[in-house]
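1. Here is a sequence together with a model predicted from it:
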Amino acid sequence: MEIDGQCFCGHITYEAEVEPDRVAICHCTDCQMHSASAYGVVVGIDISRFRLLTGTMKTHVKVAESGNRRALTFCPECGTRIYGGPADGGPGFVSLRVGTIRQRAELTPKVQVWTRSRLPWVMDLSGIPARDKQS
């Protein structure tokens, strides 16, 4: 599936080819912290299928629990995360942040990972009052 996306401020724009069956919810503590939320939603792609159109991303290297070094890319202007991948900068698999994809409504998660870190309230939001927009 051909997609396009951008950061919050529009400084970073990109195109990519994704497989909708590779969308995942990640409950790891890194995703919780870095997204400032309960989890991250990503689609795994080969970096060769990602084309940066505008802007230059900034990179932060994080050492994972496994000891692997992960490069987390983001917009230097607004801080929007774009993808995470191997820190060596070579070819390989990256996790593209679904929230930055214009076609995100078409990308339903197929699996949840790192569920040992899942926050206990995430699985049942039905008891929390809902509003169509903020009052």
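-> Cool, the structure landed. Residues are numbered from 1 along each chain as shown.

2. Can you get me a residue count around the spatially closest residue to residue 116 that is not a sequence neighbour?
-> Spatial nearest neighbour of residue 116, excluding adjacent residues (CB to CB, 6 or more residues apart in numbering): residue 27 at 7.8 Å. In this view, the C-beta of every residue, glycine as well, is placed from N, C-alpha and C. For residue 27, the count of nearby residues is 19 (other CB atoms under 10 Å).

3. so how far is residue 68 from residue 100?
-> Computed as CB to CB, to the nearest Å, the residue 100 to residue 68 distance reads 23 Å.

4. Comparing these two, which residue is more hemmed in?
-> residue 100 (22 against 10).

5. got the contact list for residue 114?
-> Listed by CB atoms under 8 Å, 6 or more residues apart in numbering, the contact partners of residue 114 are 26-29, 31.

6. got JSON lines for those residues, with secondary structure and distance to residue 77 too?
-> Supplementary listing: the contacts of residue 114 in JSON lines, determined by DSSP: H, G, I helix; E, B strand; the rest coil; distance: CB to CB, whole Å:
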{"residue": "26", "secondary structure": "strand", "distance to residue 77": "25"}
{"residue": "27", "secondary structure": "coil", "distance to residue 77": "28"}
{"residue": "28", "secondary structure": "coil", "distance to residue 77": "26"}
{"residue": "29", "secondary structure": "helix", "distance to residue 77": "27"}
{"residue": "31", "secondary structure": "helix", "distance to residue 77": "22"}
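
7. Many thanks, have a good one.
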